[in-house]
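Asks: Give me a model of this one.
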Amino acid sequence: MGREISVTVNGTTHTSEVEPRLLLVEYIRDVLNLTGTHVGCDTSNCGACTISLNGAAVKSCTLFAVQADGGEVTTIEGLASNGDLHPLQEGFWEMHGLQCGFCTPGMIMSANDLLQKNPNPSEAEIRHGLAGNFCRCTGYHNIVKAVQYAADKMSS
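Replies: Below you'll find the model as predicted:
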């Protein structure tokens, strides 16, 4: 038995019939075909599935799609504007904040949440803000530099 939900994702409203047990990350990836949101650990530890739901960063593997009914979702695909990279996306590019790139969408979405709350975070605040996201490739140094780059760009 499915349930009809309506979710606005990256500015477009989608109405779908979904199974009540369908995870939000699976809805985003498998129903909407927005594959930038990654499934990493299936235990909510890695943060690869981080999105914005109603303005707050959430791990989409911990929510059912029906819980987002009526909500506003932003995924990594929704950050760019008119073909221009978001300052965080640009920062990860310019500061070499990624290696394999698997964690990058979740890192960027968590960093975006941080910068919405604190537009000028210290290095310690950035590291704390990204604590729920794991990267197995980098030492996080360039990720922090990428967030600092974006904060500077967004404040000027």
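Asks: Going along the chain, name the helices of the chain.
Replies: 24-26, 87-94, 104-117, 123-129, 141-155 (DSSP state H).
Asks: hmm, who's touching the longest one?
Replies: For helix 141-155, the external contacting residues (Cβ atoms under 8 Å, 6 or more residues apart in numbering) are 86-88, 90-92, 94-98, 107, 111, 114-115, 119-121, 123, 126-127, 129-130, 135. Glycine gets a C-beta too; all of them are placed from N, C-alpha and C.
Asks: ok, now with 10 Å
Replies: Helix 141-155 is contacted by residues 86-99, 103-104, 107-108, 110-112, 114-116, 118-127, 129-130, 133, 135, 138 when judged by Cβ atoms under 10 Å, 6 or more residues apart in numbering.
Asks: When you filter those down to buried only, what's left?
Replies: The neighbour count (16 or more other Cβ atoms under 10 Å) marks 86-92, 94-95, 97-98, 103-104, 107-108, 110-112, 114-115, 121, 126, 129-130, 133, 135, 138 as buried among the contacts of helix 141-155.
Asks: got the contact list for L79?
Replies: Contact partners of L79, counting by Cβ under 10 Å, 6+ apart, are 10, 36, 52, 85-89, 105, 108-109, 112.
Asks: excluding its backbone neighbours, what's nearest P105?
Replies: Distance criterion Cβ to Cβ, 6 or more residues apart in numbering; nearest residue to P105, sequence neighbours excluded, is I76 at 3.8 Å.
Asks: The one you found: what's it in contact with?
Replies: Contacts for I76 (Cβ under 10 Å, 6+ apart) come out as 10, 34-38, 50-52, 86, 88-89, 104-109, 112.
Asks: Give me the pLDDT value at it.
Replies: pLDDT, the model's per-residue confidence, is 98 for I76.
Asks: What distance do you get for it to L32?
Replies: Per Cβ to Cβ, to the nearest Å, I76 is found 13 Å from L32.
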